[in-house]
Structure formats: structure tokens, C-alpha cells
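Novice: Everything below, folded, please.
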Amino acid sequence: MICLLLGSNLGDREWNLERAKAMLAGELKVDMLCSDVMETEAVGFDGPAFLNQAVCFESDVPPETLLDICQEIEVALGRPRHTAEYDASGRRIYRNRTIDIDILTYNGEDIRTDRLVIPHPQVKERPFVQELLNDITL
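Specialist: All right, here's what the predicted structure looks like:
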């Protein structure tokens, strides 16, 4: 089972989530199980509240291909192409975004590459993520 976290804090947040799910389902040719939508405060920066939703599905798409698909959808929905930014003390810099798609889990595997770390390293720092995942009946 592959699980993603979708988040949006700019524009029509509900539409952004719905459009991202439709694009993912179409590109990956999968049916998704979806959690309820939860509103949360921005984490790590001052910004409008996020709407977040977890989605899970079965697929054999390779992890880095999945990352490419997620990033292409983010760009298509108005998020500028990005790389992680860090301040002088090494803390990650976060920004507002129309859509954010994080790969939380990938078939129970631990993956560490230059581009990708799974399970997502910040899952434990964001208690709402586990709550959303628990909301999905597998």
C-alpha cells in the first residue's frame, strides 16, 4: 500500500485537493482510499491554515517515478518547481502552496536516495498525519 499526504493552503483549497486526487488517479490508473479532510495550522512557518487529506492505493509504479508524477501535478496546479531550502542554522524553510503531495509510505519499504526518503521523515512530527492515516479503513 502506498500512502500520500495532500495539503493546500492557497486558493480554493478543496478544489486543489480534489484536482490533485483526480490527476493522481488518472496518471496512476488506481482507485484510492481517502481520509476525511482536516484543517491544520501551517507547520514551520506563518501562513494560512492547510486542508490536508491522506490517500492510499496499490500500485507498482517505482518510487522515484511516483515522486516525478507528484511533482508534475504540483507544478500543474500552480506550485513552482522547488527544491528544499534551508536557513543558516540548517532548519528547513517552508512556504505557502497551492498543493503539496508527500509520499508517506511505499509498500512498507524504507527508501533513502538523494531525492527521496520514505517513510516521510516528518510524519512523526505531525500528529495529524497518523490521524488521517488511521481514518482510512484498509
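
Novice: Would you agree residue 61 is in contact with residue 69?
Specialist: Yes - contact status for residue 61 versus residue 69: in contact at 7.3 Å, counting by CB atoms under 8 Å. Where C-beta positions appear, they are placed from N, C-alpha and C, glycine not excepted.

Novice: so where is this protein shaky, pLDDT-wise?
Specialist: For the chain, applying pLDDT under 70 flags the ranges 82-85, 92-93, 137-138.

Novice: quick one: the helices in it?
Specialist: 13-28, 63-76, 127-135 (DSSP state H).

Novice: Including mean neighbour count and distance to residue 48, could those helices go into TSV?
Specialist: Formatted as TSV, these follow (neighbours: other CB atoms under 10 Å; distance: least, CB to CB, whole Å):
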stretch	mean neighbour count	distance to residue 48
helix 13-28	17	9
helix 63-76	16	18
helix 127-135	16	16
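
Novice: Find the residues that touch each one of residue 61 and residue 69.
Specialist: Here residue 61 and residue 69 share the contacting residues residue 28, scored by CB atoms under 8 Å, 6 or more residues apart in numbering.

Novice: hang on, the earlier thing: select, out of the helices of the chain, the one closest to residue 49.
Specialist: Closest to residue 49 of the helices of the chain is helix 13-28 (CB to CB; 8.5 Å).

Novice: Next, report how far stretch 107-124 is displaced from the centre of its chain.
Specialist: 12 Å (CA atoms, centre = their mean, to the nearest Å).

Novice: scratch that, stretch 46-56 is what I was asking about
Specialist: The answer for stretch 46-56 is 9 Å, by CA atoms, centre = their mean.

Novice: quick one: contacts of it?
Specialist: Stretch 46-56 has contacts (CB under 8 Å, 6+ apart) with 1-10, 13-14, 16-17, 21, 24, 32-42, 94-96, 104, 128-129, 132-133, 135-136, 138.

Novice: how near is residue 43 to residue 87?
Specialist: Note on residue 43: its distance to residue 87, by CB to CB, to the nearest Å, is 15 Å.

Novice: phi, psi of the residue of the chain most remote from its centre?
Specialist: In the chain, residue 88 marks the outermost C-alpha relative to the chain mean, sitting 25.8 Å out by CA atoms, centre = their mean. With angles defined as degrees, to the nearest 10, residue 88 sits at phi -60, psi -30.

Novice: That concludes my questions; thank you for your assistance.
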